[in-house]
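In: model the following, please.
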Amino acid sequence: MMRCDAEWLAGVLARLSNDELSPLINLGASTQHFREVTQPHIQTLVFGPLAARGVRVVHADRKAADGVDVVGDIFDDADFARLQAVNARAVVCTHLFEHVRDRDELSRRLLELLPERGLFFVTVPSSYHEHNDPIDTMFRPSLAELAALFPWAQILEQRELIGETYWSHVRRRPVTLFARHFFRFFVPFFGWKAWKRSMHKLYWLAHNYKVAAIVGRKAT
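Out: Got it, this is the predicted structure:
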C-alpha cells in the first residue's frame, strides 16, 4: 500500500460508521513489521485510527507471520471458509490483483466474503514498475477496467491516485540504488529479464506512480 492509497483510504473510512466496517478483513495484509516499520503509513493512517475507533480488523495473508490473524490462500476452499467465518462487513484489498492470475475469481470470492450491502475497497497500481510477489502479471488497470471486475456490485467511488516517483525512494539510499542501476546497465548478459526490469524502472524517476482505486457495495 503506497502512501497515496493510505491517505485516500483513511479519508474514505473516516466517513463510514463502525457498524458498516466492523469486522473488516485486510486481504493480502503482509506482516505487522511491513505495516508498521517498512511502510509505517499503513498503520499510522489506516489501521491505527480504525483500532482507536473500535473497528475489529482481521489481517489475512498467505504467509504465517507476526500480525497475520488468518493464514490462508483465498483460492483454497478450506482457507476461504475460514475467511468467511469472520463474517466481515467490509474488505480492504490493496495491491493484490496484479499478483494473481485469475482476477475474476478473486473478485468473485472477495464479494462472497461480504453480506448484502457489504463494502469493499480495492486499489491496484495503474502505472508502476514490475514487482514480483511472487509474480506480477503486469495488470495495470484503468478505473473502468478495475470496476468491470465487479459487475454485480455498486461502485460508489472511483479515483485515480497520484503517488510518489521512484526518485523519492532513490534519494533515501542514493548510493546503493544508483550503483545497482549503473552496474546493471553494463551487464545485461547476467540476466536479460532482470536487466530490462532495472532499466524500465528508471522511467519512474521522473514520472509519478499511479493507482486505480474503487469503493464498492455488494448488491442486494
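In: tell me how many other residues surround residue 153.
Out: 20 (other Cβ atoms under 10 Å). The C-beta positions use only the backbone N, C-alpha and C, and glycine is treated the same way.
In: and what of residue 207?
Out: Count around residue 207 with other Cβ under 10 Å applied: 12.
In: quick one: pLDDT of it?
Out: Per-residue confidence at residue 207 stands at 92 (pLDDT).
In: wait, doesn't it sit right on residue 127?
Out: Yes. If you go by Cβ atoms under 8 Å, residue 207 and residue 127 touch, sitting 7.1 Å apart.
In: the residue nearest to the spatial centre of the chain and residue 191, how far apart?
Out: Centroid check for the chain by Cα atoms, centre = their mean gives residue 94 as the closest residue, at 1.9 Å. Separation of residue 94 from residue 191 (Cβ to Cβ, to the nearest Å) stands at 30 Å.
In: any idea how far stretch 62-73 is from the chain center?
Out: Its chain's C-alpha centre and that of stretch 62-73 lie 16 Å apart, by Cα atoms, centre = their mean, to the nearest Å.
In: end-to-end on that stretch?
Out: Stretch 62-73 has an end-to-end distance of 5 Å (criterion: Cα to Cα, to the nearest Å).
In: can you list contacts of that stretch?
Out: Contact with stretch 62-73 is made by 25, 29-33, 35-36, 58-61, 78-80, 82-83, 86, as judged by Cβ atoms under 8 Å, 6 or more residues apart in numbering.
In: check which residues of that stretch are buried.
Out: 62, 67-68, 70, 72 (16 or more other Cβ atoms under 10 Å).
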